[in-house]
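*Asks:* Requesting a structural model of the entry that follows:
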Amino acid sequence: MKTTSHIFLSLSLLTACQNKDATPDCGCDGPTYEVLTDKAAIYKKGTISTLRATTLNVDGSYLLACNPGFIEGKAAENDTVFISGKARANCFKGETLSALPGMLELTEIHKR
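*Replies:* Below you'll find the model as predicted:
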């Protein structure tokens, strides 16, 4: 009886602590922090670096595509492209000395 009640109590605590409806706060399934619309960018090695429209210099946004298959056939290595999509935060929470890319769900990519 005592063992059964311990097992029941343990299982109750484990299932009570699980939040099955929790939504991620980062990554491709996380919330959007910025919507990009027809933003100039450079596509290189699976990453996207956004550009300032006036100077065409990289403006600091460095992103990984959540849907890299979306790019196939639309851009080649080192192409300047125009993108639209939803920018999301990277899930890495530790310390790092380098900038980590954000995540981008692409909705449009084209060359002019």
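
*Asks:* And the helix or strand where residue 82 lies, what does it pack against?
*Replies:* Per DSSP states H and E, residue 82 falls inside strand 79-88. The helices and strands touching strand 79-88, judged by 3 or more Cβ pairs under 8 Å, 6 or more residues apart in numbering; DSSP states H and E, are strand 32-44, strand 47-51, strand 102-110. Where C-beta positions appear, they are placed from N, C-alpha and C, glycine not excepted.

*Asks:* Which pLDDT does the model give residue 55?
*Replies:* Per-residue pLDDT puts residue 55 at 70.

*Asks:* so where's the chain shaky on pLDDT?
*Replies:* Flagging of the chain using pLDDT under 70 yields the residue ranges 1-21, 54, 56, 60, 97.

*Asks:* if we go to 80?
*Replies:* Low-confidence regions of the chain, defined by pLDDT under 80, span residues 1-23, 46, 53-61, 96-99.

*Asks:* what about dumping the CA coordinates of the strand holding residue 82 to PDB?
*Replies:* Written as PDB, here are the backbone C-alpha positions of strand 79-88 (Å, rounded to 0.1, in the frame of the first residue of the first chain):
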ATOM      1  CA  ASP A  79      23.200  37.000 -54.600                       C
ATOM      2  CA  THR A  80      21.700  40.300 -53.500                       C
ATOM      3  CA  VAL A  81      18.000  39.500 -53.000                       C
ATOM      4  CA  PHE A  82      14.900  41.200 -51.500                       C
ATOM      5  CA  ILE A  83      13.200  39.300 -48.700                       C
ATOM      6  CA  SER A  84      10.100  39.400 -46.700                       C
ATOM      7  CA  GLY A  85       9.400  37.300 -43.600                       C
ATOM      8  CA  LYS A  86       9.100  37.100 -39.800                       C
ATOM      9  CA  ALA A  87      12.200  37.500 -37.700                       C
ATOM     10  CA  ARG A  88      12.400  35.400 -34.500                       C
END
